[in-house]
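Chemist: Would you be able to build a 3D model of this:
(chains A, B, C and D)
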Number of protein chains: 2
Amino acid sequence: MNKATESDTEGRRERKRRETRERIQQAAMGLFLERGFDATTVDEIAERADVSKRSFFDYFPTKEEVVFAWQDRFADHLMEAIASRPAEEPAVKAVQHGLVSALVSATDERSLALTELVRNTPALRARDHLKYAKLEAKLTEGLKARAKGAAEEQRMRLLAAIVMGALRVGGERWNEQPPGASLEEFAHHFFADFWVTLAAFGEEGSKA
Amino acid sequence: MNKATESDTEGRRERKRRETRERIQQAAMGLFLERGFDATTVDEIAERADVSKRSFFDYFPTKEEVVFAWQDRFADHLMEAIASRPAEEPAVKAVQHGLVSALVSATDERSLALTELVRNTPALRARDHLKYAKLEAKLTEGLKARAKGAAEEQRMRLLAAIVMGALRVGGERWNEQPPGASLEEFAHHFFADFWVTLAAFGEEGSKA
DNA sequence: GATGATCTTGCACTTGGTGCAAACATTCAC
DNA sequence: GTGAATGTTTGCACCAAGTGCAAGATCATC
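Modeler: This is a model prediction of the structure:
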């Protein structure tokens, strides 16, 4: 059955299935970007991908899922990036650098179009926020893996939530940035400011 | 012709409409809790509320909306609670106390059942997270109203995001609490710990 | 090439949701 | 009161998402 890697033991069947899945995804994204999500029917997607409507649902459980399928890779990449940070690095720094690294390598042409699509489609926004929740869960997992002791794990849960907040707010600020700006540089400044603000909030909340 | 029942401006028309809306909501929630969200059809809800299916959609845009309609009140309550805090109180404290106050007054029998329902229904979870986003937006708004200057407003945006994170994590911890515990007391301890942790993260992130 | 496993498809069906126009109720002006 | 204007409810036809099922097409293997 399934051996080590893809190309080695991938028979005709598996190859075709993968190809079909990609063809459907391609067809769907093309149509979504052309006419919008709501104005595209599953029948049309199936038509363009040259499969039946029934088969479409054999590859993707819902129409929405086609849009969000690729995003799973970001979470995985983030996990890797964090895991590969030196163990002695403080968690806050590890997560910052892991996040920026995953972000930089995920910012391609397609992603931007996707983001735009989601922003313009109310029906997709709810699902989009679920993605944040899933990402936060994965982030928590990744951070807990580095933690020692239960108390530390609790703190990591909190750190994940806070960093996700930073990610959302950072995204907003980034969108207000003039085009062509350096993402890494922006992120560096944003995080520097972020930690300072965090410390200020923390101190103010702690006293009295 | 007894008009002076409670409100001068509410004629028969408006009263009936409000009553019908409440009847639908009641019928829907009853059925959802009895058999679950997915296993309840709009036809059944309409049947029990003694209106046509078509009329159901005249009162609620979607089946989901019936579940989330009441929750809007929480956001409003939170806004009020924050607005009514003394102006000289630091923002972090104002938001903490406002949140706890809104939370305490929102914890009734029905809300708990609702929360449970959402948790057990995948189809509702996405929408639930959208609710968090909306709440964060309102919170941002409420905090910015207290801010002076653009820099302060940016910090408030960040504070809103962070506090929403605290709300989510706090909710998780609260669910692990033995039943019968005091929500106010729990919140007090949680926030005390929260600010300290925040300060620690902030400091660690700031150095180097 | 026969055989069993897997993939694809067509078809019928359920459900959520919308547009429309006719029927009905309420309000208000005379 | 009569009647027009306006708002509400309903039935009906319709579209699109999604599912279960069974028959037919493909594929791996012996």
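
Chemist: Check which residues of stretch A:174-181 are buried.
Modeler: Across stretch A:174-181, burial judged by 16 or more other Cβ atoms under 10 Å in any protein chain shown covers no residue at all. For every residue, glycine as well, the C-beta is placed using N, CA and C.

Chemist: meant to ask about stretch A:152-169
Modeler: Taking 16+ other Cβ under 10 Å as the criterion, stretch A:152-169 shows A:153-169 as buried.

Chemist: which residues touch residue A:64?
Modeler: When contacts are counted by Cβ atoms under 8 Å, 6 or more residues apart in numbering or on different chains, residue A:64 is found next to A:123, A:124, A:127.

Chemist: rerun at 10 Å
Modeler: With contact set as Cβ atoms under 10 Å, 6 or more residues apart in numbering or on different chains, residue A:64 has these partners: A:37, A:118, A:121, A:123, A:124, A:126, A:127, A:128, B:126.

Chemist: what's the distance between residue A:136 and residue B:168?
Modeler: The span separating residue A:136 from residue B:168 equals 8 Å under the rule Cβ to Cβ, to the nearest Å.

Chemist: Could you do residue A:15 as well?
Modeler: 43 Å.

Chemist: again, but for residue A:171
Modeler: Here residue A:171 is placed at a distance of 18 Å from residue B:168 (Cβ to Cβ).

Chemist: can you check residue A:123 too?
Modeler: Relative to residue B:168, and taking Cβ to Cβ, residue A:123 is found at 24 Å.

Chemist: And for residue A:119?
Modeler: Residue A:119 sits at a distance of 23 Å from residue B:168 (criterion: Cβ to Cβ).

Chemist: Torsion angles phi and psi at residue A:62?
Modeler: Main-chain torsions, residue A:62, degrees, to the nearest 10: phi -140, psi 170.

Chemist: Burial check on it, number of neighbours?
Modeler: Residue neighbour count, defined by other Cβ atoms under 10 Å in any protein chain shown, stands at 11 for residue A:62.

Chemist: My guess is it contacts residue A:127. True?
Modeler: Yes: distance between residue A:62 and residue A:127: 9.1 Å, which falls inside the contact criterion (Cβ atoms under 10 Å).

Chemist: Pull up the overlap in contacts between these two.
Modeler: In terms of Cβ under 10 Å, 6+ apart, residue A:62 and residue A:127 are both contacted by the residues residue A:68.

Chemist: quick one: low-confidence parts of chain A?
Modeler: Counting by pLDDT under 70, the low-confidence segments of chain A come to A:1-10, A:208.

Chemist: domain assignment for it?
Modeler: The record's domain parsing of chain A by automatic domain parsing lists A:9-60, A:68-200.

Chemist: Does DNA strand C have contacts with the longest one?
Modeler: Yep, that's domain A:68-200 we're talking about. No: judged by Cβ under 7 Å from any atom of the strand, domain A:68-200 stays clear of DNA strand C, getting no closer than 9.6 Å.

Chemist: Can you give me the first-to-last residue distance of that domain?
Modeler: Start to finish, the residues bounding domain A:68-200 are 37 Å apart (Cα to Cα, to the nearest Å).

Chemist: So which bits of whichever strand or helix holds residue A:100 are buried?
Modeler: Mapping residue A:100 onto the secondary structure by DSSP states H and E places it in helix A:91-104. Taking 16+ other Cβ under 10 Å as the neighbour-count basis, helix A:91-104 is seen to contain the buried residues A:91-103.

Chemist: Distance of residue A:190 relative to residue A:136?
Modeler: With Cβ to Cβ as the criterion, residue A:190 and residue A:136 are 19 Å apart.

Chemist: so how far is stretch A:126-135 from its chain's centroid?
Modeler: Using Cα atoms, centre = their mean, to the nearest Å, the distance from the centre of stretch A:126-135 to the centre of the chain it belongs to is 9 Å.
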